[in-house]
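Engineer: attaching a predicted model along with its sequence, questions to come.
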Amino acid sequence: MRPFSTLWLYSILVLIMINAAGGFSPKRKIVIGGGIDGSSRLGREQQVAMKMAIIEYKSLCTNCSAELILDLWDSVPTLASTAMNIMNTIKIEALLFDLTLLEAALISDSNKNMTQVPFLSLAPTAISSPLVPQPHLNLIHMSTNIVVHMKCIAAIVGYFKWRQVTAIFEQSNVLALNHGFMTLLSDALKKVDATIDQSVIFPLMRSRGENTELIIDKKLSKLKNNSNRVFVLVQCSLELAIYVFQQANQMGMVGKEYVWIISDEVASLIDSLNSSVVASMQGVLGYKTHFNEASPSITKFRIKFGQSYSLQYPQERNIISIFALRAYDATWAIAKAVGGGDSSSKSLLQNILVSNFSGLSGNISFRDGELAQSSTFEIINVFGKSYNCVAFWSQDTGFTKELPGQDYAAGKTRNETINLGPIIWPGGEVAVPKGWEFLPMVPLRIGVPASGAFRQFVNVSHENVTGFSFTGFSIEVFKAALKHLPYHLPYEFIPFSGDYDKMVYQIKQKVFDGVVGDTNILAKRSQWAEFTQPYVTSGINLVVPTKPDYPRDIWMFMEVFDAKLWLLIPSFSLFIGFVIWVIEQGVNPDFGTGSLSQQVGTTLWFSFTVLFFLQKESLKRNLSRVVLAPWVFLVLMLTASFTAVLTSKVTVSQLVPSAKDIEDLIRENAAIGCNRKSFTCDFLRNVLHVKPENVRNISSIDDYPEAFESGNIKAAIFVTAHAKVFLAEYCRGYKMTGPTYTFGGLGFAFQEGTSLVRDMSVAVLKAIENGEVFEFERQMLHSLNCNASGATTSKLGPRPFSVIFYLSGGVALVALLVTAIPMMVHHCKEALEKVKRFLWVHLLLIRSCSRPIIELAMQSSVGAQA
């Protein structure tokens, strides 16, 4: 049995070996290319995370049919050329890279076999159209679209109301990419009423040359000499940011009134920086992608990552960032796609695009070649040894103090008014920096209209010794406002001979820093510059010659007194006449004889004739003369005033405008003059629809009277302030007519985004409140050849004569009481006497009639007794 059993076991073993040899199938090797910049902190984190993912995949998938092999190569200095060389010798099934998108597209297009190979970009932002000339369906982004990042930057700038920023970029191998970044940022800033003051491109730090640091230092020095103080690191590696902040800190550019904003690419890696670097970034604002650091899976991963990272880079802090998590998830996305069955490149690409699993960085799914999950950013403020999270921001919710949850996703109202803070700004300041600072060593270039029609506002004259002299109302207001600024503002006036629109446009072209003059604030001009608070209200008015108002002349005398005084004069005259009639009763035959109607007629005639001192009735009592004296004095004053006012009205006020409004002039096809360099000419043509041939350009204020007299124009249209000056200088024969078309007023213009606009607005208001502007206006605009143009005399009322009215009325009332009371007492006594006599007569009659009756009754009584 022993030989048999041995032979049996041997046979069984042979069969097993033969069977095993015939059924063995080796695992298919799938090579994942890894083009990562190992010289950067971001790239090192990504490399470690990718290796960890491959190791975990192998440990969890021992029986899988495919084996993943990670082939990493460094991207310095020319990853694109290196990648193309490697891919021509090794079959790559998928590529993880931190190339620019255009470099990846170049690699994909260089080999027709690579068009179906999935390219997973691990760049911090997803860059797509319009920055990429044509779409590549095999390019997949493990990040949020760059547009969302730009919106977050714009939201921060808009929240603090900064109007201009300086955008800083790190040089790209593709020039169009830098321009595309600026375009996207500019579009986002426009929505919050901000602009890019200038953009600066720093050289790549990873290709550090001898002149790299020197170039950066020179550009920082230029930035320091610029007025704008809001700097945004839009696209910048951590290594460049470290150098920039260290140098800027030494130059004093991370101090008071400075603002620095860092993007996610830098902010998400702050935890990896040492304390000396963080110390140079105090007060910096930034935004970083939020992820749940306290989740058990990330806590577990952090421990393993820290161990692996410390083994390879013991001199660095082993802190994880969102970029390491995304690199880990991207590697697993490929691994899960391989496990889907067919492992060809085309199937692998399709499986990756339909991925949907919960990764360490969040939900991993793709839409339009980008992460479908919308990122939430933490708004951070670097302070002390680390940073504080002051708010959260997402594209759906805006700023929130708490992490947005499902209620926000369901449509909760956006809240842009929350308080972001507390924030410690550079220099330890707690007040929000203005974002702009005037540099005293650079005088402002102020454009001034050299040949305006109204020299009262701006007058530019040439002087041989000093060059140009600048005077006028607008110049004096500007100088007065400068005195109220909290700082010295050096400037130089530069004459400009073009029209006002072109002059303001020079601010946008950065030819001028500002414009001072009689410049109207218009919507069109506000697109080119920013205006201060108006120092003079403004509109548009029509000025026409005057003509006599003949139909109105026949009733002109009625306009001397107002209705109250016209009613008061006859009423008072009748009262005085009645009082004198009462006093003269019984002693004066002129008042006390005749019938009642005759006495009434006499009294009325006396009341009328006394107004003209023509009364013929003589007065017998002194009390009547006392009553009449103040009334005669009042009548004398009323007569003199009536004569004076009527004379004034006869010589002046009968003039009326020759046209009521612009419609009358249009119907008459009349020509209208306007300042040839002002917007008023365009206003006539485009808004009031006056025929272009009827719009006449006038060069100077002195040319208008000649144009009126020659019949060249029938009317003139002025800015309200100009109209007042014209009527003050040429006061005879012209009047304003029609409605006033309101505009923004006259203001000073400066470059957009500068705090000088706000400071000058406050200074202008102080000059107005102090009465300085009013005094300049009185002295320089209204004190000209005459006081008023066609001024009408107002109607007289009782108020100027009220004292004499009260005196005359009081004397008459007292006299009436003194006379009337005794008369009433006398009449009452006579009435009583009559009543007494009447009663006695009736009593006697009653007594005489009642005596016979009594006697008869007594006799009847005696007879009855008998």
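Structural biologist: Now that the structure is in, tell me what you want to look at. Residues are numbered from 1 along each chain as shown.

Engineer: residue contacts, Ala49?
Structural biologist: Neighbouring residues of Ala49 by C-beta atoms under 8 Å, 6 or more residues apart in numbering: 305, 320, 324-325, 327-328, 331. For the C-beta atoms, the positions are set from N, CA and C on the backbone; glycine is no exception.

Engineer: show me the strands in the stretch 451-600 of the chain, by range?
Structural biologist: Counting by DSSP state E, counting those that start in this stretch, one finds strands in the stretch 451-600 of the chain at the ranges 459-463, 467-471, 491-496, 514-515, 530-531, 536-548.

Engineer: and these, which is most packed in?
Structural biologist: strand 514-515 (a mean of 26; mean count of other C-beta atoms under 10 Å).

Engineer: residues touching it, excluding its own?
Structural biologist: 444-448, 491, 503-504, 506-507, 529, 748-751, 756.

Engineer: quick one: buried ones out of those?
Structural biologist: 444-448, 503-504, 506-507, 529, 748-751, 756 (16 or more other C-beta atoms under 10 Å).

Engineer: next step: these restricted to helices.
Structural biologist: Secondary structure from DSSP state H places 503-504, 506-507, 756 of those in helices.

Engineer: now do the helices in the stretch 101-250 of the chain.
Structural biologist: Ranges of helices in the stretch 101-250 of the chain, per DSSP state H, counting those that start in this stretch, are 101-110, 146-159, 175-190, 212-224, 238-250.

Engineer: what pLDDT, on average, does the fourth one get?
Structural biologist: Spelled out, it's helix 212-224. The predicted model gives helix 212-224 an average pLDDT of 91.

Engineer: can you read off the pLDDT for Val174?
Structural biologist: 54.

Engineer: same deal with the one 10 residues further on?
Structural biologist: The score at Leu184 is 90. That number is its pLDDT.

Engineer: just give me the neighbour total for Ala279.
Structural biologist: Other residues lying near Ala279 total 16 when counted by other C-beta atoms under 10 Å.

Engineer: what sits against it?
Structural biologist: Contact criterion C-beta under 8 Å, 6+ apart gives no residues in contact with Ala279.

Engineer: if we can go back for a sec, quick one: which two of the buried ones among the contacts of strand 514-515 are the most distant?
Structural biologist: Met503 and Leu756 (17.9 Å; C-beta to C-beta).

Engineer: is it true that Val818 touches Leu623?
Structural biologist: Yes: look at Val818 against Leu623 with C-beta atoms under 8 Å: they come within range, at 7.0 Å.

Engineer: if we can go back for a sec, tell me which two of the contacts of Ala49 sit farthest apart.
Structural biologist: Ile320 and Thr331 (14.8 Å).

Engineer: for the two, indicate the residue with more neighbours.
Structural biologist: Legend: neighbour count by other C-beta under 10 Å for Ile320 and Thr331, higher for Thr331 (28 against 24).

Engineer: next, the contact list for the more buried one, please.
Structural biologist: Thr331 neighbours (C-beta under 8 Å, 6+ apart): 32, 49-50, 53-54, 57, 70, 96.

Engineer: and which of those residues is nearest Ile846?
Structural biologist: Lowest distance from Ile846 to the contacts of Thr331 (C-beta to C-beta) belongs to Ala49, with 141.6 Å.

Engineer: may I ask which helix or strand encompasses the closest one?
Structural biologist: Assigned by DSSP states H and E, Ala49 belongs to helix 41-60.

Engineer: so that helix versus helix 238-250, what angle?
Structural biologist: Using axes from the mean of the first three to the mean of the last three C-alpha atoms, to 10 degrees, the direction of helix 41-60 lies 150 degrees away from that of helix 238-250.

Engineer: mind listing what's buried along helix 41-60?
Structural biologist: Using 16+ other C-beta under 10 Å as the test for burial, helix 41-60 gives 41-54, 56-57.

Engineer: do the same with stretch 637-647
Structural biologist: Buried residues in stretch 637-647, counted by 16+ other C-beta under 10 Å: 638, 641-642, 645.

Engineer: for the chain, what's the longest helix?
Structural biologist: Under DSSP H, the chain gives helix 802-865 as its longest helix.

Engineer: packing partners for that helix?
Structural biologist: Packing partners of helix 802-865 (3 or more C-beta pairs under 8 Å, 6 or more residues apart in numbering; DSSP states H and E): helix 563-584, helix 622-648.

Engineer: quick one: mean pLDDT for the one helix or strand Leu96 maps to?
Structural biologist: According to DSSP H and E, Leu96 maps onto strand 94-97. Strand 94-97 shows an average pLDDT of 85 in the prediction.

Engineer: picking up where we left off before, tell me which of the buried residues of stretch 637-647 is nearest to Asp562?
Structural biologist: Each of the buried residues of stretch 637-647 was checked against Asp562 using C-beta to C-beta; the closest is Val645, at 11.1 Å.

Engineer: the closest one reaches Leu796, doesn't it?
Structural biologist: Yes: the criterion here is C-beta under 8 Å, and Val645 meets it with Leu796 at 6.1 Å.

Engineer: pull the number of nearby residues for Asn520.
Structural biologist: 25.

Engineer: which pLDDT value belongs to it?
Structural biologist: Asn520 carries a pLDDT value of 88.

Engineer: so who does it touch?
Structural biologist: Counting by C-beta under 8 Å, 6+ apart, Asn520 makes contact with 500, 538, 678-679, 719, 743-746.

Engineer: can I get these in TSV with pLDDT, secondary structure and distance to His141?
Structural biologist: Listed next are those as TSV, based on pLDDT from 0 to 100; DSSP: H, G, I helix; E, B strand; the rest coil; distance: C-beta to C-beta, whole Å:
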residue	pLDDT	secondary structure	distance to His141
Tyr500	88	helix	50
Ser538	82	strand	54
Ser678	81	coil	54
Phe679	85	coil	50
Val719	85	strand	56
Phe743	81	strand	50
Gly744	82	strand	47
Gly745	86	strand	51
Leu746	90	strand	53
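
Engineer: which of the residues you listed ranks first by neighbour count?
Structural biologist: Val719 (28 neighbours).

Engineer: tell me the spacing between that one and Cys828.
Structural biologist: 78 Å (C-beta to C-beta, to the nearest Å).
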